[in-house]
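Visitor: Have a look at this prediction, sequence included:
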Amino acid sequence: MGKGAPLRWVENRLLARHLRGRGIEIGALWRKFPVPRGAKVHYVDRLPDEGLQQHYAEVSAPVVSPDLVADAMQLPFAPRSLDFVIASHVLEHLPFPLAALRHWHEALRPRGVLLLKIPDKRYTFDAKRARTSLQHLIAEDEDGGAFDKRAHFEDWVEHVVGCRRGSPEFDQQLAQLLQADYSIHYHVWIDEDIREIVEYTRSVLHLKWKLVVFWKAHVYRKECVVMLERTDTD
């Protein structure tokens with residue numbers, strides 16, 4: 001057991017106190033977030049289990065078989081119908097994170113919560129990549145045509161796969177990943193960026209939620225943990 005395992009167990013227990021009623025976990029892949037007894041969780045992913053196992057061939061553990069195959073930004077749930085949404089290591093995989101946050105907010109009931117776990121680039125394979133600015137997210141959110149998928153993949157191949165731009169290996173890796181539509185980290189952040197995004201959703205996008213938990217990443221927990229509670233009433 002790693003040094004951070006006891007801390008993670010305690011943190012998960014604290015977070016789970018806010019998870020009650022009926023909710024979803026998006027992209028659990030191979031590790032479900034532990035919820036209290038009595039909470040009903042529907043597992044959502046973009047591919048069925050066979051497709052997930054094939055897409056994430058590097059994952060040796062059995063994947064969580066989704067109850068529902070759906071796009072994370074187009075969930076087939078009525079507005080104000082969920083008590084919680086869990087998205088652990090999901091937001092960075094989405095082309096339009098601001099749109100996803102709006103969509104998840106809409107799906108929550110009043111006093112419903114969104115639990116986010118977002119890797120801090122300083123502690124991951126994204127360490128060499130430039131941080132995604134809020135201005136970048138806003139520009140792509142306001143004009144979908146500004147989203148350059150190929151450029152995001154090129155950045156991944158150069159700084160994560162480690163191929164030199166212009167080399168045959170770079171072109172080969174890029175072509176393979178684009179063809180597979182591999183689920184890369186489109187965006188990378190540190191704690192400060194996540195807090196800025198949350199404040200933007202509240203002050204500019206006018207999403208009615210409050211910050212219940214904001215835990216910074218550290219050497220054992222390499223992710224930022226955020227919990228937001230919807231505050232408006234019926």
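Guide: In hand now; what should we look at? Numbering: from 1, shown residues only.
Visitor: and the residue nearest the centre of the chain, what does it touch?
Guide: The chain has Val90 as the residue nearest its centroid, 2.0 Å off, counting by C-alpha atoms, centre = their mean. Applying C-beta atoms under 8 Å, 6 or more residues apart in numbering to Val90 gives the contacts Ile26, Gly27, Ala72, Leu116. For the C-beta atoms, the positions are set from N, CA and C on the backbone; glycine is no exception.
Visitor: now Ile197
Guide: Pro97, Leu98, Leu101, Leu134, Leu137, Trp189.
Visitor: burial of the second one, as a residue count?
Guide: When neighbours are defined as other C-beta atoms under 10 Å, Leu98 has 21 of them.
Visitor: now the third one
Guide: In terms of burial, Leu101 registers 25 neighbours under the definition other C-beta under 10 Å.
Visitor: Kindly state the domain boundaries assigned to this structure.
Guide: Following automatic domain parsing, one finds the domains of the chain at 5-125+185-230, 134-180.
Visitor: Tell me which of those domains sits most buried.
Guide: Most buried of those by mean neighbour count (mean count of other C-beta atoms under 10 Å) is domain 5-125+185-230; its value is a mean of 17.
Visitor: name the helices or strands packed onto the longest strand seen in the chain?
Guide: In the chain, taking DSSP state E as the definition, the longest strand is strand 108-119. Judged by 3 or more C-beta pairs under 8 Å, 6 or more residues apart in numbering; DSSP states H and E, the packing partners of strand 108-119 are strand 82-88, helix 97-107, strand 209-215, strand 223-230.
Visitor: Indicate which one of those is closest to Gly162.
Guide: Proximity to Gly162 (C-beta to C-beta) singles out strand 223-230 among the helices and strands packed on strand 108-119, at 22.8 Å.
Visitor: Now name the helix or strand holding Pro66.
Guide: Using DSSP states H and E, Pro66 sits in no helix or strand.
Visitor: Return the backbone torsion pair for it.
Guide: Taking degrees, to the nearest 10, you get phi -70, psi 140 for the backbone angles of Pro66.
Visitor: on that earlier part again, closest one of the contacts of Ile197 to Arg17?
Guide: Using C-beta to C-beta, the contacts of Ile197 come closest to Arg17 at Leu101, 22.7 Å.
Visitor: Just checking: what are the partner strands of the longest strand of the chain?
Guide: strand 82-88 (parallel), strand 223-230 (antiparallel) (DSSP bridges).
Visitor: circling back to that earlier point, quick one: which of the helices and strands packed on strand 108-119 is nearest Lys32?
Guide: The nearest among the helices and strands packed on strand 108-119, by C-beta to C-beta, is strand 82-88 at 9.0 Å.
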